[in-house]
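1. quick one, fold the following:
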Amino acid sequence: MKIGVAVKERIIQLCNERNITINKLGTISGVTQSTINNIISGRNNSTTISTIKKLCDGLNITIPEFFSRELFENLEQEIE
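-> Model prediction:
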């Protein structure tokens with residue numbers, strides 16, 4: 001799995017766990033709806049750490065909590 005797919009899946013997982021929509025995530029995190037939509041749709045495969053930090057702040061979690069899931073353990077090589 002590539003990092004962009006893993007980030008997308010983690011965002012969806014966190015929204016499901018908290019019973020919030022992607023739209024609500026944008027509101028509480030201050031990340032634009034278009035940015036979140038691009039991440040979720042796969043158009044943005046290189047989300048910046050500052051965007052992830054904003055999402056984490058909105059979800060009241062840390063960056064290590066965001067990435068401490070099995071789906072980030074065996075990522076594919078990004079250099080091709």
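2. can you give me the buried ones in whichever helix or strand N37 is part of?
-> For N37, the element it lies in under DSSP states H and E is helix 33-41. For helix 33-41, the neighbour count (16 or more other Cβ atoms under 10 Å) marks 35-36, 39-40 as buried. C-beta here means a position set from N, CA and C on the backbone, and glycine is covered the same way.
3. quick check: the closest residue to N74 other than its chain neighbours vs I79, distance?
-> Excluding its sequence neighbours, the residue lying closest to N74 (Cβ to Cβ, 6 or more residues apart in numbering) is M1, at 7.3 Å. Distance of M1 to I79, given as Cβ to Cβ, to the nearest Å: 16 Å.
4. helices or strands up against the longest helix seen in the chain?
-> Scanning the chain for the longest helix, with DSSP state H as the assignment, gives helix 3-18. Packing partners of helix 3-18 (3 or more Cβ pairs under 8 Å, 6 or more residues apart in numbering; DSSP states H and E): helix 22-29, helix 33-41, helix 49-59, helix 63-67.
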